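Participant: Sharing a model prediction with you, sequence too.
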Amino acid sequence: FIIWRRQEDICHASGPSPKTASWIWGHELEVFQGQASEMYNKWMNMYGPLFKIKAGLFHGDIIVLGDHAAVQHVFANTDTYIKSPSFRPLVANTIGKGVVWAEGQDHTYQRRLLSPAFSLESVKNMADDISACAEKFERTLSKLAAVNGGDITLNIVPYTSYCTLDIIGRVGFGHDFKYGQSVEAKEISDSWSEIVTTGLTIGACLAPIILRAFPFITSIPVSFMQAQGQVKIVIDKLARRFMEDESQIEKGKNILSILKRAQGESDGLTTNQLIDNIVGLTVAGHETSNTWLNFTLLELARRPDIQKKLRDEALQYQGPFSYDGISKLNFLDAVAKEGLRLHAPLIQTERVAMKDDILPLTTPIKTTNGKILRSFRVQKGQVFRIAYLAMQTNPNVWGEDAAEFKPERWLIPGAMPPRNELPRGWSNLVAFSDGPRICIGYRLALFEFKVILATLIRTLEFHATDAVVQRKNTITLQPVVDGKGGVLPLRISLASHM
Ligand code: HEM
């Protein structure tokens, strides 16, 4: 057994020294204490796109993956590489047994039934709802700036969050959250603040490690985890209420109506699966889109020249925003991609190998015993972290300016690395993942991002403040100022042409 173990590739994989790891929490504590993805970026630079770290509570080493061929292989083989079984009961408790939770045939089945609600045609039909929410957001900021003499400094995070919640409410299940003013919107917003605040505490780092070591624990008394369950309670109630009104279901263009109408006698999601999926979509689609917008606004605030170029393009657009129309705004498209590359809202995901396998490698790796490996043998039970953010900001792939916000790299011929040196995934990014579990809402996320940004930028100017903004990972990437999460101060003024 010992000889066999010593032959495993992981034994000789490079990585940070075990001596630098906490004896009880491994390197996981160091990863948590740094800024989001900071340690992964550093180690990827030192050890290459596949390295191992010490796991907490004496669990076997974790492999951190950024190699394109290996990542593509993991995402393509969803039967071999599944989400961590230790977290499934927790996901079931907090967001239900929808597509986010499902594995194997159940996942394929649910995904097939959900897909029509996210088709190009369905997303195009969401244009009016998305625009209405974006305009409300813009009017609120313009009004605040106007009554304050044309200029105001505020924390943008809750304002963006009200807007993205409004959108998912309307396009998801025909509900108006009234731009953060309804009772339910306040409950969701309070739960999220709790998640962000407690997500910065040590408990949020230790809870998943404990769960992995003791998977029979289905409920951990950490408010970080419990707060997610509160969103389920609120959305569950609203979605059930919506379904009682058959006339709404008959004419509705929203996701729940589409799914409910498709509910056949032998084929279709059960009512509980429908509800769980609406909960999952709300959780998966709300704060992710919010993060993408917030950090892109920060980048634009720091670069008035880029902001002006974006504004000029948006001002040329005539009429209401449609999916096809807004897709023609090339600079907006480049800003969207660059914002997502630099600030992937989900910075990583985890997978576990269900059987022994061999990972193909794009970049051969050198092991600690001097061997060059062109593929990597893994054993059943191996845990992987797929480091989305580190992959998208790896200077060995994206060049020396990988950490800079440069939308023009997407437009100037030859400015991007050759496609065969980039991963697969939407626009050669991994932020939406890839393979059979690629984000089901990516088209909606992109459309809403563009409509909101174009609507805001036409009338408002964003300016950076003196605040030092850090980035931490609390489920999604969060701006942190003075140790407080969910804080991103921006100065906002009415655009000079107004
Ligand atoms: C910027 C916005 C978004 C980002 C960056 C994002 C990212 C991701 C990623 C990385 C995954 C794969 C996670 C994994 O397998 O471990 C995922 C899955 C998923 N996303 Fe998104 N997402 C976004 C917006 C949305 C929206 C707007 C919705 C729906 C309203 C949505 C619904 C889902 C669902 C249901 C899954 C699970 C899909 C499956 O397992 O088959 N997401 N998303």
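Facilitator: Arrived safely. Numbering: from 1, shown residues only.

Participant: Who are the packing partners of the top strand by length along the chain?
Facilitator: Longest strand of the chain, by residue count under DSSP state E: strand 357-366. Packed against strand 357-366 by the contact rule (3 or more CB pairs under 8 Å, 6 or more residues apart in numbering; DSSP states H and E) you find strand 50-53, helix 68-76, strand 372-378. For the C-beta atoms, the positions are set from N, CA and C on the backbone; glycine is no exception.

Participant: any idea how far the next helix or strand along the chain from the longest one is from the chain center?
Facilitator: The C-terminal neighbour of helix 68-76 among helices and strands, as given by DSSP states H and E, is strand 81-82. Chain-centre distance of strand 81-82: 19 Å, with CA atoms, centre = their mean, to the nearest Å.

Participant: Stretch 128-144 now?
Facilitator: The chain centre lies 23 Å from the centre of stretch 128-144; the measure is CA atoms, centre = their mean.

Participant: again with stretch 200-220
Facilitator: On the basis of CA atoms, centre = their mean, stretch 200-220 sits 21 Å off its chain's mean C-alpha point.

Participant: mind listing what's buried in it?
Facilitator: 200, 203-212, 220 (16 or more other CB atoms under 10 Å).

Participant: for stretch 79-99, same thing?
Facilitator: Going by 16+ other CB under 10 Å, stretch 79-99 has these buried residues: 80-84, 86-91, 93-99.

Participant: before we move on, back to that, what about dumping the CA coordinates of the longest strand of the chain to PDB?
Facilitator: The C-alpha trace of strand 357-366 is given here as PDB (Å, rounded to 0.1, in the frame of the first residue of the first chain):
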ATOM      1  CA  ASP A 357      -8.300   8.900 -13.600                       C
ATOM      2  CA  ILE A 358      -5.600  10.600 -15.700                       C
ATOM      3  CA  LEU A 359      -5.800  14.300 -16.200                       C
ATOM      4  CA  PRO A 360      -4.400  15.600 -19.500                       C
ATOM      5  CA  LEU A 361      -2.200  18.700 -19.100                       C
ATOM      6  CA  THR A 362      -1.700  21.700 -21.500                       C
ATOM      7  CA  THR A 363       1.500  22.700 -19.600                       C
ATOM      8  CA  PRO A 364       3.800  19.900 -18.600                       C
ATOM      9  CA  ILE A 365       4.700  20.100 -14.900                       C
ATOM     10  CA  LYS A 366       7.900  19.400 -13.100                       C
END
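
Participant: Distance from the chain centre to it, please.
Facilitator: Taking mean C-alpha positions (CA atoms, centre = their mean), strand 357-366 and its chain are 26 Å apart.

Participant: Restricting to the buried residues of stretch 79-99, which residues neighbour the ligand?
Facilitator: Within the set of those, contact with the ligand (CB under 6 Å from any ligand atom) is found for Val99.

Participant: What residues does the residue of the chain at minimum distance from the ligand make contact with?
Facilitator: Nearest residue of the chain to the ligand, counting by CB to the nearest ligand atom: Gly441, 2.2 Å away. If a contact means CB atoms under 8 Å, 6 or more residues apart in numbering, then Gly441 has 118, 281, 284-285 as its contacts.

Participant: Nearest to Lys328 among those residues?
Facilitator: The shortest approach to Lys328 among those belongs to Phe118, at 21.9 Å (CB to CB).

Participant: tally of neighbours for that closest one?
Facilitator: Residues within reach of Phe118, counting by other CB atoms under 10 Å, total 20.

Participant: Help me confirm that it comes into contact with Arg443.
Facilitator: Yes - under the criterion of CB atoms under 8 Å, Phe118 makes contact with Arg443 at 6.4 Å.

Participant: In helices, which of the buried residues of stretch 79-99 fall?
Facilitator: Mapping those onto helices (DSSP state H) picks out 88-91, 93-95.

Participant: TSV for the residues you listed, including pLDDT?
Facilitator: Shown next, in TSV, are these (pLDDT from 0 to 100):
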residue	pLDDT
Arg88	87
Pro89	83
Leu90	81
Val91	87
Asn93	83
Thr94	84
Ile95	89
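
Participant: So what sits opposite Ser375 in the bridge?
Facilitator: Beta bridges link Ser375 to Pro360, judged by DSSP bridges.

Participant: so Lys366 sits right up against Ala13, yeah?
Facilitator: No - contact criterion CB under 8 Å: Lys366 and Ala13 do not qualify, at 9.8 Å.

Participant: ok, these two, which is more surrounded?
Facilitator: Ala13 (21 against 14).

Participant: For the stretch 301-450 of the chain, list the residues in contact with the ligand, please.
Facilitator: For the stretch 301-450 of the chain, the residues in contact with the ligand (CB under 6 Å from any ligand atom) are 345-346, 349, 431-433, 437, 439-441, 444-445.

Participant: and the two most separated of those residues?
Facilitator: So, these by CB to CB: farthest apart are Thr349 and Leu444, at 19.7 Å.

Participant: Compare neighbour counts for these two and give me the winner.
Facilitator: More crowded of Thr349 and Leu444, by other CB under 10 Å: Leu444, with 24 against 17.

Participant: who are the neighbours in contact with the more buried one?
Facilitator: Residues in contact with Leu444 (CB under 8 Å, 6+ apart) are 118, 123, 126, 171, 285.

Participant: Please report phi then psi for it.
Facilitator: phi -60, psi -40 (degrees, to the nearest 10).

Participant: tell me the average confidence for stretch 447-464?
Facilitator: For stretch 447-464, mean pLDDT is 98.

Participant: buried sites along that stretch?
Facilitator: Those would be 447-462, 464, for stretch 447-464 by 16+ other CB under 10 Å.

Participant: Same check on stretch 178-193?
Facilitator: 178-180, 182, 184-185, 188-189, 191-193.

Participant: Let's have these in JSON lines, adding distance to the ligand.
Facilitator: Shown next, in JSON lines, are the buried residues of stretch 178-193 (distance: CB to the nearest ligand atom, whole Å):
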{"residue": "Lys178", "distance to the ligand": "20"}
{"residue": "Tyr179", "distance to the ligand": "18"}
{"residue": "Gly180", "distance to the ligand": "18"}
{"residue": "Ser182", "distance to the ligand": "19"}
{"residue": "Glu184", "distance to the ligand": "17"}
{"residue": "Ala185", "distance to the ligand": "17"}
{"residue": "Ile188", "distance to the ligand": "14"}
{"residue": "Ser189", "distance to the ligand": "18"}
{"residue": "Ser191", "distance to the ligand": "18"}
{"residue": "Trp192", "distance to the ligand": "15"}
{"residue": "Ser193", "distance to the ligand": "20"}
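
Participant: all strands for the stretch 251-400 of the chain, in order.
Facilitator: Remark: strands assigned in the stretch 251-400 of the chain by DSSP state E, counting those that start in this stretch are 349-353, 357-366, 372-378, 383-386.

Participant: Nothing else from me, thank you.
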